[in-house]
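S.K.: pasting the sequence and the predicted model now:
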Amino acid sequence: MNLNSDLNTNYIQEAQTKLVMPSFSAFEATLLGSILLSCTWFGMMYFTAVVMMPGFAAVLSDKEFLVSFKAIDNIFQQMPFLVALPCMGSLLIVTTATFLGNKERKKGNVSVRLNLLYAALALYISGFITTGVFNITLNNQLQSMDLENMSDDELYDERLAFEAPWNFWNVYRVVTELITCSCLILVLFFYERYG
């Protein structure tokens, strides 16, 4: 009976040493969260720029285009957590990661990764401001339109006034967010490699 107990104890101890859970510092956890949320936000904007908007442009009439975009925007406005988590969450967590990275610098760990964190934060803020100033403003203008009572010429003019600027600023956001994600991934690489 004692031999069995010793075998079980040895087996459990051996299993426990093999199943060591990784531990993350606050900086590592926020950095990983920053990468996850920023890449999610990037993916949403990239899909819109590369798939949704060109698809709409290729097959929808002016009225269908505006009505479809208005309906999609309406879903985002009714369920703001769909946008708030990756967008606002990214802003908060990238800011936190930069703050924690700056605390490491004060301890004497000056490196390229802090500059990458500053660049990621600046680019993210730039894309965030662009979203609020340009894309959401255009979305709100579209939401206020009575598309059902517009003539074909009015619909054409409204689509022209909406589509090109919206796409331009969305591509700007895609580029800034791609660079943001790249900077954050490089920070992780440098952190894992050089500490």
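M.R.: The structure has been received and is ready for your questions.
S.K.: how far out from the middle of the chain is the one helix or strand Glu192 maps to?
M.R.: Using DSSP states H and E, Glu192 maps to helix 152-194. Relative to its chain's centre, helix 152-194 lies at 10 Å (Cα atoms, centre = their mean, to the nearest Å).
S.K.: average pLDDT for that helix?
M.R.: Averaging pLDDT along helix 152-194 yields 94.
S.K.: so Val187 makes contact with Tyr118?
M.R.: No - using Cβ atoms under 8 Å as the test, Val187 is too far from Tyr118 to be in contact (10.3 Å). Every C-beta, even on glycine, is put in place using the N, C-alpha and C of the backbone.
S.K.: more neighbours, those two?
M.R.: Using other Cβ atoms under 10 Å, the more surrounded residue of Val187 and Tyr118 is Val187, with 26 against 14.
S.K.: ok, the more buried one to Thr130 distance?
M.R.: Going from Val187 to Thr130 by Cβ to Cβ, to the nearest Å gives 23 Å.
S.K.: now the helices for this structure?
M.R.: Assigned by DSSP state H, the chain shows helices spanning 2-18, 26-47, 53-59, 62-78, 81-106, 112-130, 136-143, 152-194.
S.K.: picking that back up, which strands and helices lie in contact with the helix holding Glu192?
M.R.: Helix 152-194 sits against helix 26-47, helix 53-59, helix 62-78, helix 81-106, helix 112-130, helix 136-143, with contacts defined as 3 or more Cβ pairs under 8 Å, 6 or more residues apart in numbering; DSSP states H and E.
S.K.: any weak-confidence spans in this structure?
M.R.: The model of the chain has pLDDT under 70 over residues 1-22, 82, 104-110, 195.
S.K.: do that again at 90, thanks
M.R.: For the chain, the stretches flagged by pLDDT under 90 are 1-28, 75-94, 97-114, 189-195.
S.K.: can you tell me which residues contact the residue nearest the centre of the chain?
M.R.: Geometric centre of the chain, nearest residue: Trp41, 2.3 Å, by Cα atoms, centre = their mean. By Cβ atoms under 8 Å, 6 or more residues apart in numbering, the contact list for Trp41 reads Pro86, Cys87, Ser90, Glu177.
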